[in-house]
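Colleague: Sequence and predicted model, in that order:
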Amino acid sequence: MRKTFVVVKTTFSALHAWPECPYEDVAFLRAPHRHVFYVTMKIQTTEDRELEFIRLKKELDFYIRDNWEDNNLGKLSCEKIAENLMNNFNANFVGVFEDDENGAEIWND
């Protein structure tokens, strides 16, 4: 069965750390460090233009700005950022990548 999704993408800068990192070869992750986080969010639709994606992207950008832009995320991981966005936007898919290289994706059927 065919499914249709609206897709929005955005970026934001923030600091985070993994103080409990058990791996010595990436021990630098224990200290706060900056990333540009790349976010992709997909929401399933059933009708043409049911969701207007420019408005959805603005809503996502406002949410990120109000919650994370230029902030210290503390121990928040890509997985937890994606989970937060999925829950707050009732999304079917969220991907969050550090510097557009490594990250996490969550799907919701």
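Modeller: Structure's in. What do you need?
Colleague: Return the distance of the helix or strand hosting Lys80 from the chain's centre.
Modeller: Element membership for Lys80, per DSSP states H and E: helix 78-89. Relative to the chain's own centre, helix 78-89 is displaced by 6 Å; criterion: C-alpha atoms, centre = their mean, to the nearest Å.
Colleague: what helix or strand does Gln44 sit in?
Modeller: Per DSSP H and E: strand 33-45 holds Gln44.
Colleague: tell me which residues in that strand are buried?
Modeller: His35, Phe37, Tyr38, Val39, Thr40, Met41, Lys42, Ile43, Gln44 (16 or more other C-beta atoms under 10 Å). Where C-beta positions appear, they are placed from N, C-alpha and C, glycine not excepted.
Colleague: Thr4 is in contact with the last one, correct?
Modeller: Put plainly, it is Gln44. Yes. Counting by C-beta atoms under 8 Å, Gln44 does reach Thr4; the two are 6.9 Å apart.
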